[in-house]
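# Return a 3D structure for these sequence lines:
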Amino acid sequence: MQKELDYWRENTAIGFVFSLLTTMGFFVGVILVYQILYTDMAEHWVEYATLKAIGYSNFHLLGIVLQESVILVFFGFVPGFFISLGLYSLTANATDVLMQMT
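Coordinates of the predicted model:
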């Protein structure tokens, strides 16, 4: 079974295309999260300056940004996961090909 998986992954066009699209999707996701965080920080620049002026450290402000990024990732991952499960089910039913999300 492992030889068959390796063959499809390494010697066929679909393996290359899937790997390429997975990698591109990851980088697009990283850039999207970065842009959302940057835009949110730019819109609340005054609030961050006020926190800095009343004595919050750079470490505390970094913690706020990291908390926001974790919340953003969570609210993006959970719906994306369930949408992916639905698409896997639809694809498996339409093509009669066994598909499993691992």
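# Keeping just the C-alphas, turn the strand or helix carrying Leu5 into CSV.
Assigned by DSSP states H and E, Leu5 falls within helix 2-10. Extracted in CSV, the C-alpha atoms of helix 2-10 (Å, rounded to 0.1, in the frame of the first residue of the first chain):
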residue,chain,number,x,y,z
GLN,A,2,2.8,2.4,0.8
LYS,A,3,4.4,1.8,-2.6
GLU,A,4,1.2,2.7,-4.3
LEU,A,5,0.9,5.9,-2.2
ASP,A,6,4.5,6.8,-3.0
TYR,A,7,3.9,6.2,-6.7
TRP,A,8,0.9,8.5,-6.9
ARG,A,9,2.6,11.1,-4.8
GLU,A,10,5.9,11.2,-6.5
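# That one - what's its average pLDDT?
Mean per-residue pLDDT for helix 2-10: 80.
# Report the central residue of the chain.
Nearest residue to the geometric centre of the chain (Cα atoms, centre = their mean): Gly29, 4.8 Å.
# Spatially, what comes nearest to that residue if we skip its sequence neighbours?
The spatially closest residue to Gly29, leaving aside those adjacent along the chain, is Gly76, at 7.9 Å (Cβ to Cβ, 6 or more residues apart in numbering). For glycine as for every other residue, the C-beta is placed from the backbone atoms N, C-alpha and C.
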